[in-house]
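Engineer: Got a predicted model here, sequence first, then my questions.
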Amino acid sequence: MKFKRLATILMAAAMMVSLVACTGDNGENSETPVTSGNDVVEETETNHITLAESWGFENFYTIMTPDVSASNFGITYYLSNFYDVLVEYQDGEYVGGLAEDWTISEDGTVYTFNLRHDVKFSDGSDLTAEDVAKSLLAVPINLGQYNGTYGRLSTIIEDAVVVDDYTVEMHLTQPYYNALRELCLANPFGIVSSEQLNDDLTKKDTFETATYGTGPGAAVQGLRHRAAGRLPLRLGRGHPLQGSVPGAGGKGGFPQGAGGGLPAPARHHQG
């Protein structure tokens, strides 16, 4: 009887030691206590993620074609981290992205978008209707011979008109039932900083080394990073993987709102 009781005690002690070991620091994430002037202890956390990727980091623009990517279109999986779209599709309905709301003309050929205010691009510039208009008009130009590859919308955009700083109209040559759905695609309809587009709306070479969107993250790459096959990321305040990239360039401006991204999506209005 005494032997059984002793064995039970030893097993309980061993389980307690195992539990303590499991909750210890595994070396992947470290938390360092920081003491402020008021002797209040705060904790800072650094997260590191290593991803294997087969694409060659040749281009960080929203539009992928064989002309700009000699390897594959792997960046498509990351575009939503770097670029926002006007409209999002959630739980079976369209909600606002960069657009707070929108209206559609009776004939279905004019979409008027009212944009969110106080949103910045990763290059530090403010989001305005001009950026949206030029981003839309740049899609068929930069797709070139591949225009229509990602859907019909890019082939029927007649014009994009700036009404005021935060209102833009998209004019179509004909009504199209799937227009909003295709606007949800960051490739090719992610909104970019118009300062990074040439006068003819072709993309500047700056997109070969960095992203210029309003998403919660930004990628900044130099030749040394490309040679090492590394993609440094700079993430906005409040992002679960927030942090900075030592030695990375860029101003690091980000959209304001919860989680370093946009405020809660707005429901759309049609009329």
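Structural biologist: Arrived safely, thanks for sending.
Engineer: quick check, residue 219 in a strand?
Structural biologist: Yes: Residue 219: assigned to a strand according to DSSP: H, G, I helix; E, B strand; the rest coil.
Engineer: Need the nearest residue in space to it, chain neighbours excluded.
Structural biologist: residue 211 (4.7 Å; Cβ to Cβ, 6 or more residues apart in numbering). Every residue, glycine included, has its C-beta placed from N, CA and C.
Engineer: Might one say that the one you found is in contact with residue 82?
Structural biologist: Yes: counting by Cβ atoms under 8 Å, residue 211 does reach residue 82; the two are 4.0 Å apart.
Engineer: The two: who's more crowded?
Structural biologist: residue 211 (31 against 24; other Cβ atoms under 10 Å).
Engineer: ok, the more buried one - contacts?
Structural biologist: Taking Cβ atoms under 8 Å, 6 or more residues apart in numbering, we find residue 211 in contact with 60, 82-83, 122, 217-220.
Engineer: By neighbours, which of the residues you listed wins?
Structural biologist: residue 218 (29 neighbours).
Engineer: Check the gap between residue 177 and residue 152 for me.
Structural biologist: 10 Å (Cβ to Cβ, to the nearest Å).
Engineer: who has more neighbours, the two?
Structural biologist: Applying other Cβ under 10 Å to residue 177 and residue 152 shows that residue 152 carries more neighbours, namely 14 against 8.
Engineer: where does this protein dip in pLDDT?
Structural biologist: 1-56, 70-71, 220-271 (pLDDT under 70).
Engineer: Let's see that with 90 instead.
Structural biologist: Confidence mapping of the chain against pLDDT under 90 gives the ranges 1-60, 64-81, 118, 122-124, 208-211, 215-271.
Engineer: returning to that earlier point: find residues that contact each of residue 211 and residue 82.
Structural biologist: Contacts common to residue 211 and residue 82, judged by Cβ under 8 Å, 6+ apart, are 60, 122, 217-219.
Engineer: Save those as JSON lines, and put in distance to residue 67 too.
Structural biologist: As requested, the shared contacts of residue 211 and residue 82 are exported to JSON lines (distance: Cβ to Cβ, whole Å):
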{"residue": "60", "distance to residue 67": "15"}
{"residue": "122", "distance to residue 67": "24"}
{"residue": "217", "distance to residue 67": "26"}
{"residue": "218", "distance to residue 67": "24"}
{"residue": "219", "distance to residue 67": "20"}
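Engineer: Can you show me the strands along the stretch 101-250 of the chain?
Structural biologist: Taking DSSP state E, counting those that start in this stretch as the criterion, the stretch 101-250 of the chain carries its strands at 110-115, 157-164, 167-172, 217-219, 233-235.
Engineer: Show me the one of the ones you listed that comes nearest residue 65.
Structural biologist: strand 157-164 (17.3 Å; Cβ to Cβ).
Engineer: who does that closest one pair up with?
Structural biologist: Applying DSSP bridges to the sheet, strand 157-164 is found paired with strand 167-172 (antiparallel).
Engineer: In the partner strand, which residues are buried?
Structural biologist: 167-170, 172 (16 or more other Cβ atoms under 10 Å).
Engineer: Tabulate those (JSON lines), appending distance to residue 140.
Structural biologist: As requested, the buried residues of strand 167-172 are exported to JSON lines (distance: Cβ to Cβ, whole Å):
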{"residue": "167", "distance to residue 140": "22"}
{"residue": "168", "distance to residue 140": "17"}
{"residue": "169", "distance to residue 140": "17"}
{"residue": "170", "distance to residue 140": "13"}
{"residue": "172", "distance to residue 140": "12"}
